[in-house]
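> how would this look folded up:
(chains A and B)
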Amino acid sequence: METIKLVYPVEGGDLIEAGEASSKMKLTLKKLGLPQDVIRRASICMYEGEINMVIHADGGQAEVEVDTDQIIIRMQDTGPGIPDVAQAMQEGFSTAGQTARELGFGAGMGLPNIKRYSDEMSIETELGKGTTVTVRIKIPQ
Amino acid sequence: MTVTQLKDTLGWKVFHMADPDRPVKGGYAGDLLSWVMGRAGQDCAWLTIMSNQNVAAVALMADVACVVLTEGVEPDADLLRRAEEKEVTLLGTGEDTYSAACRLGDCLK
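Next up, the predicted model:
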């Protein structure tokens, strides 16, 4: 299979509408006939990334590459960056505001969930420049 | 047990039925959406009192079999619209979350 590349813009600002990019990706992965568990893990990673981009960075972009044996999701924003990545990776740590919390987010589980459901995860971040979270999900052969 | 069998047995109300024959393999109760994403199992029935439209997106991504709004909570109009759009089964019960979870557990034994 040739590598399939998909790009999804993530709108900033409106948390209540968040999830469109993840929904679209999920539909495409389903059409490609990938295993249910792989689709689920990729969708959760993407959705958590999308929520983070909306809460912290006023949106961004997700690039998805699907190969025979793996899915790579690269979520890029030009937000404020993460001052302390180790702290952000801790379950329960959150800098999300009141609105996000009232909607049921801001539990400090976003990045930990991405780590939990991906096979590999990396974070590149620079204060004032932005953050890129890249995840790899293996497709069992 | 399928979503329809559970709904009939427990007398759950239907707000939107997307896949009546989908098997239910467990349950999860929680309202913090990110927590639910991390912990709810695939194909489970998710019990919650959250009724905003993000619930539909979380249900879709976490791939749960159905959402059950407990304590008599009604979905807001946007949640109902999104559940229809995303093909997420949305049910409801007047029971409190604990009682609904106990009865669900008994059914799935």
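> For B:A40, see how far away A:D37 is.
Using Cβ to Cβ, to the nearest Å, A:D37 is found at 14 Å from B:A40. Where you see a C-beta, it was placed from the backbone N, CA and C, and this is true even at glycine.
> Looking at the two, which is more packed in?
Comparing A:D37 with B:A40 by other Cβ atoms under 10 Å in any protein chain shown, the one with more neighbours is B:A40, at 23 against 14.
> Next, name the residue at the spatial heart of the chain.
Reading this off chain A. Per Cα atoms, centre = their mean, the C-alpha nearest to the average position across chain A is that of A:G49, at 2.4 Å.
> Correction: the question concerned chain B.
Residue closest to the average C-alpha location in chain B (Cα atoms, centre = their mean): B:V67, at 1.4 Å.
> Run through the residues that contact it.
Contact analysis of B:V67 by Cβ atoms under 8 Å, 6 or more residues apart in numbering or on different chains lists B:A45, B:W46, B:T48, B:V55, B:A56, B:A59, B:A83, B:V88, B:T89, B:L90, B:L91.
> hang on, it in a strand?
Yes: checked against DSSP: H, G, I helix; E, B strand; the rest coil, B:V67 lies within a strand.
> just to revisit the earlier point, cross-check the contacts of B:V67 against chain A and keep the overlap.
B:V55 (Cβ under 8 Å from any Cβ of the partner chain).
> So which of the contacts of B:V67 is the closest to A:L103?
B:V55 (9.6 Å; Cβ to Cβ).
> Quickly find the element holding that closest one.
Secondary-structure element containing B:V55, defined by DSSP states H and E: helix B:54-62.
> Contact residues of chain B facing chain A?
Residues of chain B lying near chain A (Cβ under 8 Å from any Cβ): B:31-35, B:37-38, B:42, B:50, B:52-55, B:57-58, B:60-63, B:78, B:86.
> let's see it at 6 Å
B:32-35, B:37-38, B:42, B:50, B:52, B:54, B:57, B:61, B:63 (Cβ under 6 Å from any Cβ of the partner chain).
> Which stretches in chain B count as strands?
Ranges of strands within chain B are B:13-16, B:27-29, B:45-48, B:66-69, B:90-92, based on DSSP state E.
> quick one: average confidence on the last one?
Per-residue pLDDT over strand B:90-92 has a mean of 98.
> For chain B, what is the nearest residue in chain A?
Per Cβ to the nearest Cβ, A:G19 is where chain A lies closest to chain B, at 3.3 Å.
> if I look at that residue, how far off is A:D67?
25 Å.
> Output the lowest mean pLDDT helix or strand found in the chain.
Using chain A. helix A:98-102 (a mean of 89; mean pLDDT, DSSP states H and E).
> could you do chain B instead?
Across the helices and strands of chain B, mean confidence by mean pLDDT, DSSP H and E is lowest for helix B:33-39: a mean of 92.
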